[in-house]
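Enquirer: Sequence and predicted structure, then a few things I'm wondering about:
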Amino acid sequence: MGVRRDKNARWRYRKVVRLPDGSRERISGTPTLNTRLAAETEERSHIQRVLSPRPVPSEPTAEKEAITFGKFADEFMATYAAANNRPSERAAKKKVLTHHLRPAFGSSKLDAITVRQVEKLKAELLKKLLKPKTINNILPVLGKILRYARDVGVLEVVPTIKLLKLAPSKFDFLTFEDYDALTKAARVEADWYTAIVVAGDSGLRMGEILALQWDDLDFRNGTITVLRTDWLGTVGPPKSGRARTVPMTDRLAAALKRHRHLRGPLVFCREGGEPWTRNVMKAGLRRALRRAGLRQFGWHVLRHTFCSHLAMRGAVPKAVQELAGHTTLNVTLRYMHLAPGALHDAIRLLNRAEMASP
């Protein structure tokens, strides 16, 4: 070994080490503890370090490209939305992106959208006098896009997005008298009478009426099976994503039997078999409402009327949910306050229980 004392009586080591590639490297050093053993130990350690494989310097990795919200929103619409959303849902998301989210976050990096930025957006939308319910339709689109970004690995943390608190929502529906007046006034145009009764007596949405086919009607068992909906000419599954069967009222069954035609598979269509459009539907309802002397409203009010009348006649919430095709019972419960004497009936159950107890 190359261990020895120098002129100052300090133990040192000095040695030339041959490396595996044939080259040589000179090493030297002075141990902290001034002893021969310490110098020999330090020399062996130094030789081991020199002969150990040295890590190959890695090439500098390029930083992951920071994706902007606008760019990722395009990917979201082209992939997730195209594969999982109905045409109406895609159109609604596109509208929200165009008018609200792109102006606010289009050039922002995804990871720059924080809780503070979301709250700032909410405040700005309120300043524009947007209704809280409208804002609550915008925020879930932002949340879905950010969660999808996290799911595909381009975003680590999704900011918390809190919806605005809303006052209890109100919905419009017809009284029994107004609904009777509407159906009587609509008899002048037989096709429109039938369409109005389909909406009011079975709760079908406008798109479901447009897509209704004769094969969906079972006159022997008196039922309508809702299998599809039409949105601007694109036919797909109904809003809930699943079929439902609605028993016909006597009035509805009679109207549909009188309405039978040979113009094509659609129940409601033009003379040549072409489907009705939404504008045609709106115009037909407007004429019937004018004849009945009622306020103007849209087809969805007839769906509300169907659910409200069921509740007012005492139908249980679960039955209303199944007939209307509501995805959750919470939607159905909006109508249950209309049930006659529901609270008093509930308390009477306790009275009967007390009377029965010894």
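Expert: Great, that's in hand.
Enquirer: C-alpha only now, for contacts and for neighbours.
Expert: Noted.
Enquirer: Can you list the buried residues in the strand ranked longest in the chain?
Expert: Selection of the longest strand in the chain by residue count, based on DSSP state E, yields strand 11-18. Across strand 11-18, burial judged by 16 or more other C-alpha atoms under 10 Å covers 11-14, 17.
Enquirer: what residue ranges in the stretch 251-358 of the chain score low on pLDDT?
Expert: Counting by pLDDT under 70, the low-confidence segments of the stretch 251-358 of the chain come to 341-346, 349, 352-358.
Enquirer: Now for the residue lying closest to F173 once chain neighbours are set aside: which residues touch it?
Expert: For F173, the nearest residue in space outside its immediate sequence neighbours is T305; the separation is 4.6 Å by C-alpha to C-alpha, 6 or more residues apart in numbering. Contacts for T305 (C-alpha atoms under 8 Å, 6 or more residues apart in numbering) come out as 172-175, 200, 203.
Enquirer: one more time with 10 Å
Expert: Taking C-alpha atoms under 10 Å, 6 or more residues apart in numbering, we find T305 in contact with 171-176, 179, 199-203, 311, 335.
Enquirer: Would you mind splitting this protein into its domains for me?
Expert: 3-48, 69-151, 176-338 (automatic domain parsing).
Enquirer: Reformat these as a markdown table; add distance to P159.
Expert: Conversion of the domains of the chain to a markdown table gives the following (distance: least, C-alpha to C-alpha, whole Å):
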| stretch | distance to P159 |
| --- | --- |
| domain 3-48 | 51 |
| domain 69-151 | 5 |
| domain 176-338 | 27 |
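Enquirer: Pick the most deeply packed of the ones you listed.
Expert: The highest mean neighbour count among the domains of the chain, using mean count of other C-alpha atoms under 10 Å, belongs to domain 176-338: a mean of 18.
Enquirer: Within its sheet, name the partner strands of the helix or strand where I27 lies and how each one runs.
Expert: For I27, the element it lies in under DSSP states H and E is strand 24-29. Sheet neighbours of strand 24-29, with direction, are listed as strand 11-18 (antiparallel) (DSSP bridges).
Enquirer: just to revisit the earlier point, and the buried residues of strand 11-18, which is closest to V188?
Expert: Within these, the smallest distance to V188 is 109.2 Å, found for V17 (C-alpha to C-alpha).
Enquirer: What is the three-state secondary structure of H326?
Expert: Assigned state for H326: coil (three-state reduction, DSSP: H, G, I helix; E, B strand; the rest coil).
Enquirer: From what I see, it and R303 are in contact.
Expert: No. Look at H326 against R303 with C-alpha atoms under 10 Å: they stay out of range, at 11.6 Å.
Enquirer: can I assume T183 sits in a strand?
Expert: No. Under the criterion used here (three-state DSSP), T183 is helix, not part of a strand.
Enquirer: Off-centre distance for the strand holding I27?
Expert: Its chain's C-alpha centre and that of strand 24-29 lie 68 Å apart, by C-alpha atoms, centre = their mean, to the nearest Å.
Enquirer: next one: stretch 156-171
Expert: Put simply, stretch 156-171 sits 13 Å off its chain's centre (C-alpha atoms, centre = their mean).
Enquirer: Between the two ends of it, what distance do you get?
Expert: Using C-alpha to C-alpha, to the nearest Å, the end-to-end distance of stretch 156-171 comes to 40 Å.
Enquirer: I'd like the mean pLDDT over that stretch, please.
Expert: The average pLDDT within stretch 156-171 is 89.
Enquirer: got the contact list for it?
Expert: Under the contact criterion C-alpha under 10 Å, 6+ apart, stretch 156-171 has outside partners 110-119, 122, 131-140, 142-150, 300-301, 304-305, 308, 334-335.
Enquirer: do the same with stretch 80-89
Expert: For stretch 80-89, contacts defined as C-alpha under 10 Å, 6+ apart pick out 73-77, 90-95, 145, 148, 230-239, 241.
Enquirer: Strands - which of the residues you listed land there?
Expert: Among the contacts of stretch 80-89, the members falling in strands are 230-231, 234-236 (criterion: DSSP E).
Enquirer: For my notes, please list these in TSV and give pLDDT and distance to S45 for each entry.
Expert: Rendered in TSV, the data for the ones in strands among the contacts of stretch 80-89 read as follows (pLDDT from 0 to 100; distance: C-alpha to C-alpha, whole Å):
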residue	pLDDT	distance to S45
D230	95	80
W231	91	78
T234	90	77
V235	92	78
G236	91	75
